[in-house]
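**Student:** here you go, sequence then predicted model.
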Amino acid sequence: MVALLAFLIGTIAAIAVGWRMVGRSQVLVRDPSFDPVEVGRRYVTILGGLAGFAVTGMIFLVTLGRSLPGADNASYTTVVAMFLVAYIGFLGVSILFANIHGTSDEAGLDVAAAMFAGGTVMVWFTIGIGWLALVPLFEIVGLHQLAALAGWVLFTSTLASYSLNATQVYRTGLVGARLALLIPALAAVVVLAYGLVLGVLGVRPGDSTIAITIAGLLIGLPAYAAISILPALARHERLGPIAAAAAPFGVFALAEGSAVIIGLLLFSILGSA
């Protein structure tokens, strides 16, 4: 519950601050050399392989659980839940990318670019959950030193991988460069504030990893639904202009929420490792 409150309060505050500071005044220009349809098509194959990795991980854990004493515990459930969410994300976004087509600019909204921008944010977020699940998995099977090493390797790789995510979103023309750089900074402030509050109050939230993972569904599922219906919204006489005006804020809010969740996951996993 503490982690969920931190996510909700921190994300809302970060979105409000970021949009007020930079978002409302940003100048958005799409890179004409960037083709979201072609890049999205390439992603489909990659995401299909990652979905296979996630479902294989779940099968391995279920099979292992049949012979592992005490498998019905919070840690084991957390790892399975993380692989499940990752599988849903990989499969869902691959289908989303497969349905991006054309470069229509109806009602002032580049539908292909907007769908790709939302999808690529979800890719970064889903990969983060899938790979971070390896740390508690190593702990379960008793590979504690490998878990500690993997934790810091995944920490640095997760941060580094944001650069590609930020670049792609910027090139779609949905998020400005300054705002793209501000997103991880605001997420870091939220995580630091969360850790500081826990320390001052002496609160031990326990293993909050599964709660944070579930929080990912709170933003992932509505965002996926919204992105999926963009082509229909853009063609609507009244809803099209509204969707065009809201698209930059929506992509930013999704990116900020995803960054906060990944930050809280890193804090939870590395803190308990």
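**Tutor:** Right, received. Where do you want to start?
**Student:** alpha carbons of the helix or strand harbouring residue 130, as CSV, please.
**Tutor:** Residue 130 is part of helix 111-132, with elements assigned from DSSP states H and E. Once non-C-alpha atoms are left out, helix 111-132 reads as follows in CSV (Å, rounded to 0.1, in the frame of the first residue of the first chain):
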residue,chain,number,x,y,z
VAL,A,111,-1.5,9.0,-35.9
ALA,A,112,1.5,6.7,-36.8
ALA,A,113,3.9,8.9,-34.8
ALA,A,114,1.6,9.1,-31.8
MET,A,115,1.1,5.4,-31.7
PHE,A,116,4.8,4.7,-32.0
ALA,A,117,5.6,7.2,-29.3
GLY,A,118,3.3,5.6,-26.8
GLY,A,119,4.3,2.1,-27.9
THR,A,120,8.1,2.7,-27.5
VAL,A,121,7.6,4.1,-24.0
MET,A,122,5.7,0.9,-23.1
VAL,A,123,8.6,-1.2,-24.7
TRP,A,124,11.1,0.4,-22.4
PHE,A,125,8.9,0.0,-19.4
THR,A,126,8.1,-3.7,-20.2
ILE,A,127,11.7,-4.6,-20.9
GLY,A,128,12.6,-3.1,-17.5
ILE,A,129,10.1,-5.3,-15.7
GLY,A,130,11.1,-8.4,-17.6
TRP,A,131,14.8,-8.0,-17.0
LEU,A,132,14.6,-6.9,-13.4
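**Student:** what packs against that helix?
**Tutor:** helix 36-65, helix 74-98, helix 144-172, helix 209-228, helix 230-235, helix 239-272 (3 or more Cβ pairs under 8 Å, 6 or more residues apart in numbering; DSSP states H and E). C-betas here are computed from N, CA, C, even on glycine.
**Student:** could the ones you listed be laid out in a markdown table, adding distance to residue 188?
**Tutor:** What follows is the helices and strands packed on helix 111-132, written out as a markdown table (distance: least, Cβ to Cβ, whole Å):
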| stretch | distance to residue 188 |
| --- | --- |
| helix 36-65 | 26 |
| helix 74-98 | 22 |
| helix 144-172 | 10 |
| helix 209-228 | 16 |
| helix 230-235 | 30 |
| helix 239-272 | 6 |
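**Student:** quick check: the residue lying closest to residue 78 once chain neighbours are set aside vs residue 133, distance?
**Tutor:** Residue nearest to residue 78 in three dimensions, not counting chain neighbours: residue 210, with 4.3 Å by Cβ to Cβ, 6 or more residues apart in numbering. According to Cβ to Cβ, to the nearest Å, residue 210 stands 11 Å off from residue 133.
**Student:** between these two, which one's more packed in?
**Tutor:** Shown here are residue 210 and residue 133; by other Cβ atoms under 10 Å, residue 133 has more neighbours (28 against 20).
**Student:** understood, closing this out.
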